[in-house]
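1. Only the shape, not the letters, is given here:
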């Protein structure tokens, strides 16, 4: 499911980069930083709902879990609407702050404005996903997302190029295709969840919302901060030209291939920890986390090796521009080593969130992430573009070490949810 979520922006970038050019590719990447803010806020509901509803399922109270889920879905739709309104109002300022070239800013504004039209339903889908996962069902939302991705692959070039009866919309067509298929997935998921009794819209448990927000907010705000930091890093990267800016976006998306696998395992760890703690099976919760980390490392070590051995082939999926490929190759080779650190970071973050212990881990994680700005400023003067890539890799590894220490410390065992 995480792979599918990531694939929407990945598909947009590939089609836009190959059909329009480097400026459009850079535009989709820079607009993607605000979309990352939006998705991080949507994950606040997802993370909190998994922790609370999984605990209720573990306690043998599916009725109460369904009432909690209903309140979360309504809240997610309202939050998505607010994020859309804010996005439309700050989009111009955001591109000016990033200091991107005018052509990139214009295309990025068009892409972002179109994407925000469907943001409320995208938020709603996060809540629907969490409803299924908290009950132990990952198959249903995966099938819905996989179908949506398949439609997006076909619809993107049709709307970008205006093939057949479709209008030629350029970057706006890519954004429209993404939100259309995800909104459809939300509606299908809503119907299925209602039929299975996983939602009780007639009696939502509004009292659970503060707990959902309390648990989900630290991780969500950490994601928001990470995206804001990338916006600031764009200011440093843009000094090296449009090709470097496009390479930052391409490298970020290729890094996301490992990130989505880790995030999927992290969500599983959160649900398993929540269910087992609800059933008073702490030993099983610990074992679940140990196994999850092991399975994830199989994937991330593979992606790290690919980043080291065939980075040029990976970057060339997005563009034929030689300079973008050269800058992207250096990004992937540097960030390869961070894949291992991120495995521990995200999975243990998910496990701690499943236990309801998120505040202090995120304070530390956020502080380390914020160090990317001064490190990138310092190292980019010393090493050029390579210094920015080094700042990203070193801080990612450091966060992984911090999460290991929090998990080993064991304070999560005393949290009441």
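-> Now that the structure is in, tell me what you want to look at. These numbers come from a predicted model, not from an experiment. Residues are numbered from 1 along each chain as shown.
2. Neighbours of residue 375, how many?
-> Close neighbours of residue 375, defined as other CB atoms under 10 Å, add up to 17. The way it works is simple: take the backbone N, C-alpha and C, and place the C-beta from them, glycine included.
3. Apart from its chain neighbours, what residue comes closest to it?
-> Closest residue to residue 375 apart from its sequence neighbours, by CB to CB, 6 or more residues apart in numbering: residue 391 at 3.9 Å.
4. just checking, the one you found touches residue 376?
-> Yes. Here residue 391 reaches residue 376: they are 4.1 Å apart, a contact under CB atoms under 8 Å.
5. Mind listing the shared neighbours of these two?
-> Common contacts of residue 391 and residue 376 (CB atoms under 8 Å, 6 or more residues apart in numbering): residue 233.
6. Number of residues surrounding the residue nearest to residue 375?
-> Counted by other CB under 10 Å, the residues lying close to residue 391 total 25.
7. And residue 56, by the same measure?
-> 25.
8. buried set for stretch 261-272?
-> Within stretch 261-272, the residues that count as buried by 16 or more other CB atoms under 10 Å are 261, 262, 263, 264, 265, 266, 267, 268, 269, 270, 271, 272.
9. Put together a markdown table for those residues, with distance to residue 27, secondary structure and pLDDT on each row.
-> Formatted as a markdown table, these follow (distance: CB to CB, whole Å; DSSP: H, G, I helix; E, B strand; the rest coil; pLDDT from 0 to 100):
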| residue | distance to residue 27 | secondary structure | pLDDT |
| --- | --- | --- | --- |
| 261 | 27 | helix | 76 |
| 262 | 27 | helix | 83 |
| 263 | 25 | helix | 77 |
| 264 | 28 | helix | 78 |
| 265 | 32 | helix | 87 |
| 266 | 30 | helix | 86 |
| 267 | 30 | helix | 77 |
| 268 | 34 | helix | 84 |
| 269 | 35 | helix | 88 |
| 270 | 34 | helix | 84 |
| 271 | 37 | helix | 80 |
| 272 | 40 | helix | 87 |
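10. Check what pLDDT the residue nearest to residue 375 gets.
-> In the predicted model, residue 391 carries a pLDDT score of 92.
11. check contacts around it.
-> Residue 391 neighbours (CB under 8 Å, 6+ apart): 233, 371, 372, 375, 376, 379.
12. Dihedrals phi and psi, it?
-> According to degrees, to the nearest 10, the main-chain angles of residue 391 amount to phi -60, psi -40.
13. what about it, distance to residue 379?
-> In this view, residue 391 and residue 379 are 6 Å apart by CB to CB, to the nearest Å.
14. In the stretch 1-150 of the chain, where is pLDDT below threshold?
-> 1-3, 5-6 (pLDDT under 70).
15. Residue 103 and residue 22 touch, don't they?
-> No. If you go by CB under 8 Å, residue 103 and residue 22 don't touch, sitting 10.0 Å apart.
16. The two: who's more crowded?
-> The residue with more neighbours, out of residue 103 and residue 22, is residue 22; 24 against 14, by other CB under 10 Å.
17. mind listing the helices for the stretch 201-350 of the chain?
-> With DSSP state H, counting those that start in this stretch, the ranges of helices along the stretch 201-350 of the chain come out as 209-237, 242-278, 282-309, 311-315, 322-335, 338-354.
18. Any chance of those in a markdown table with distance to residue 109 as columns?
-> Listed next are the helices of the stretch 201-350 of the chain as a markdown table, based on distance: least, CB to CB, whole Å:
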| stretch | distance to residue 109 |
| --- | --- |
| helix 209-237 | 14 |
| helix 242-278 | 15 |
| helix 282-309 | 32 |
| helix 311-315 | 26 |
| helix 322-335 | 22 |
| helix 338-354 | 31 |
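19. closest to residue 125 out of those helices?
-> Among these, the nearest to residue 125 by CB to CB is helix 242-278 (14.0 Å).
20. Retrieve the pLDDT associated with residue 199.
-> 86.
21. three-state assignment of it?
-> With DSSP: H, G, I helix; E, B strand; the rest coil as the basis, the three-state label of residue 199 is coil.
22. and it, what does it touch?
-> Taking CB under 8 Å, 6+ apart as the test, what residue 199 contacts is 66, 69, 70, 73, 131, 190, 193.
23. same check, this time on residue 274
-> Counted by CB under 8 Å, 6+ apart, residue 274 has contacts 50, 51, 52, 54, 55, 58, 134, 354, 355, 417.
24. Could you rerun that using 7 Å?
-> Residues in contact with residue 274 (CB atoms under 7 Å, 6 or more residues apart in numbering) are 50, 51, 54, 55, 58, 354.
25. Residue 268 is in contact with the last one, correct?
-> Right, residue 354. No. Counting by CB atoms under 7 Å, residue 354 stays clear of residue 268, with 9.5 Å between them.
26. Identify the spatial nearest neighbour of residue 101, chain neighbours not counted.
-> In space, residue 101 comes closest to residue 242 once its chain neighbours are excluded; the distance is 5.9 Å by CB to CB, 6+ apart.
27. Also residue 9?
-> residue 32 (5.5 Å).
28. Is the one you found in contact with residue 10, as I believe?
-> No. Counting by CB under 7 Å, residue 32 does not reach residue 10; the two are 10.0 Å apart.
29. Please say which of the two ends up with more neighbours.
-> Shown here are residue 32 and residue 10; by other CB under 10 Å, residue 32 has more neighbours (23 against 20).
30. measure that one to residue 303 for me?
-> 20 Å.
31. for residue 236, same thing?
-> Counting by CB to CB, the separation of residue 236 from residue 303 is 26 Å.
32. just residue 202 next, same as before
-> Separation of residue 202 from residue 303 (CB to CB) stands at 45 Å.
33. How about residue 242?
-> Applying CB to CB to residue 242 and residue 303 gives a distance of 27 Å.
34. Poorly predicted segments of the stretch 151-300 of the chain, please.
-> Filtered on pLDDT under 70, the stretch 151-300 of the chain yields the residue ranges 219, 222-223.
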